[in-house]
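Student: Need a 3D model of the following:
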Amino acid sequence: MGSLFSVSALDKGTLDQVHSQLTDKGVDPGTLKECSLIDNDRGGTFYLKYERLETVMRVWDSHCSWWSFEFERQGEREIMAIRLAQQTGVECPEVLISGQVELAGKSRHYMMSRFVSGAREDEWEDKEPPMRFAKVAVSILEKLKSNSNLTPQALVAQGFMKEGERIDQFPLPYLPDHSSVLSYLKSKAKEIGEPSVVDVVKKVEMLFADVPSLPCGPCLVHSDLHPGNLLLDNSFKLLSVVDWEEAAISDIRIDVAQACLACLDRELIWDLFEQETGMNLGDKKPWLALVALMRFMISVQIDWYEKMGKEVPDSNLSGWESLCGDAEEILIELNILPNPEAA
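Tutor: Have a look, this model is predicted:
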């Protein structure tokens, strides 16, 4: 399925609206000189170069994720996650403006940030061994952990939630521990009507029988921490962590496990994080299984959509299918799913 968006989707009215919003924020970008489509994954990402400002404009479309296919608040999620991440010192895009624009016949949320001239970390993978990614990932994880115990009361105290606002109204999913994540995934499996998937969730749940709690509480987790979401300069210095739309408030071990699966050496990041923080994260197997299960749920939902004769709302379905295949392999490796070759 192709993207809904192209450069032509940004008509003069939309560009004038964005320019006006920049001006209202006290930013004078000058005349627009260049406009191009950078990426059409999960909507559209555009490069807009003005006389005095280079920007990236991201417009969201519905997309697959482990929590839902039809979540309509991707823009709010990403902006809130960036605000929380910046408070911890994590390098993030500088958000200039956000709002609603009319694209492809629908009002859609957008965010415009200052352009960062860097290369995604996966473009440099052949230059150094996995240790470089591990060190960068652990430095990010340490910063995210620094703002832990993100209870609803703490979110109110820090100005991220309004007094009296319910946590289910907050843009980010609030899943403070593994049991809440598993309960959510189990409810989704039941909603879809797949008993076999419920059994898979229960098998992962059994791995958590003796998992120790951490001295720190829930914190912001990126939920998609891999080399392709890190922008580096020519000396491999981290410039920005991007793509925060999968973010949630949960246990830091979810992000550590996500990063482990993105590294060629799965042991490296887990062990390095423990060394750098002095924390005992416990056995990594339950968390690797949980992260793989989160990815596997995307595959389950894709199958359900196709079974129901619905169009899967994602412009990058092939990329997701590859990721889901990796998740199944991990669950087979961890003896959660049966090995079809052994049958």
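Student: ok, how many other residues are close to the closest residue to Pro173 other than its chain neighbours?
Tutor: Of all residues not flanking Pro173 in the chain, Ala248 sits nearest, at 4.2 Å (C-beta to C-beta, 6 or more residues apart in numbering). Backbone N, C-alpha and C define where each C-beta goes, glycine included. Neighbour count for Ala248, taken as other C-beta atoms under 10 Å: 23.
Student: Contact partners for Ala248?
Tutor: 67, 172-175, 220-221, 223, 254 (C-beta atoms under 8 Å, 6 or more residues apart in numbering).
Student: Ok, Val27 next?
Tutor: 53, 96-97.
Student: can you check Asp28 too?
Tutor: Contacts of Asp28 (C-beta under 8 Å, 6+ apart): 22, 52.
Student: tell me the phi and psi of it?
Tutor: The phi and psi values for Asp28, taken as degrees, to the nearest 10, are phi -110, psi 90.
Student: Which helix or strand contains the residue lying closest to Val116 once chain neighbours are set aside?
Tutor: Nearest residue to Val116, sequence neighbours excluded (C-beta to C-beta, 6+ apart): Ser240, at 4.8 Å. Following DSSP states H and E, one finds Ser240 within strand 238-241.
Student: which outside residues touch that strand?
Tutor: 85, 90-93, 116, 118, 136, 139-140, 222, 225, 229-233.
Student: Of the residues you listed, just the buried ones, PyMOL syntax please.
Tutor: Here is the PyMOL command that picks out the buried ones among these, judged by 16 or more other C-beta atoms under 10 Å:
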select buried, resi 85+90+91+92+93+116+118+136+140+222+225+229+230+231+232
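Student: Tell me which of the contacts of strand 238-241 fall in helices.
Tutor: 85, 136, 139-140 (DSSP state H).
Student: Which two among the residues you listed are spaced furthest apart?
Tutor: Greatest spacing in the ones in helices among the contacts of strand 238-241, by C-beta to C-beta: Ala85 and Val136 (14.6 Å).
Student: Would you check that Pro93 makes contact with Val56?
Tutor: Yes: between Pro93 and Val56 a contact is recorded at 7.2 Å, counting by C-beta atoms under 8 Å.
Student: So for those two, which residues contact both of them?
Tutor: 113-114, 116.
Student: Which elements pack onto the longest helix anywhere in the chain?
Tutor: The longest helix of the chain (DSSP H) is helix 285-307. Under the contact criterion of 3 or more C-beta pairs under 8 Å, 6 or more residues apart in numbering; DSSP states H and E, helix 285-307 touches helix 178-192, helix 195-206, helix 252-262, helix 317-333.
Student: Out of those, flag the one nearest Gly105.
Tutor: helix 317-333 (21.3 Å).
Student: average model confidence for the closest one?
Tutor: Helix 317-333 comes out with an average pLDDT of 68.
Student: ok, now stretch 46-65?
Tutor: Rounded mean pLDDT across stretch 46-65 is 85.
Student: okay, that stretch in PDB with CA atoms only?
Tutor: Coordinates of each C-alpha in stretch 46-65 appear next as PDB, following Å, rounded to 0.1, in the frame of the first residue of the first chain:
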ATOM      1  CA  PHE A  46       8.900  16.600   4.600                       C
ATOM      2  CA  TYR A  47      12.000  18.700   4.400                       C
ATOM      3  CA  LEU A  48      11.200  22.500   4.200                       C
ATOM      4  CA  LYS A  49      14.100  24.800   3.600                       C
ATOM      5  CA  TYR A  50      13.400  28.500   4.100                       C
ATOM      6  CA  GLU A  51      15.700  31.500   3.700                       C
ATOM      7  CA  ARG A  52      16.700  31.500   7.400                       C
ATOM      8  CA  LEU A  53      15.500  28.100   8.600                       C
ATOM      9  CA  GLU A  54      15.700  24.400   7.800                       C
ATOM     10  CA  THR A  55      12.800  22.300   9.100                       C
ATOM     11  CA  VAL A  56      11.300  18.800   9.100                       C
ATOM     12  CA  MET A  57       7.500  18.600   9.000                       C
ATOM     13  CA  ARG A  58       6.000  15.300  10.100                       C
ATOM     14  CA  VAL A  59       2.400  14.500   9.300                       C
ATOM     15  CA  TRP A  60       0.800  11.400  10.800                       C
ATOM     16  CA  ASP A  61      -1.300   8.700   9.300                       C
ATOM     17  CA  SER A  62      -2.700   5.700  11.100                       C
ATOM     18  CA  HIS A  63      -0.200   2.900  11.500                       C
ATOM     19  CA  CYS A  64       0.500  -0.400  13.100                       C
ATOM     20  CA  SER A  65       1.800  -0.600  16.600                       C
END
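Student: hmm, back to that, list the beta-bridge partners for the residue nearest to Pro173.
Tutor: Beta-bridge pairing for Ala248 (DSSP bridges): Val221.
Student: Use 713 as the first number from now on
Tutor: Let's use 713 as the start, then, which means that last one is Ala960.
Student: What does the pLDDT read for it?
Tutor: 93.
Student: cool, Asp834 as well?
Tutor: Per-residue pLDDT puts Asp834 at 58.
Student: picking that back up, the residue nearest to Pro885 and Leu1043: what is the separation?
Tutor: 21 Å (C-beta to C-beta, to the nearest Å).
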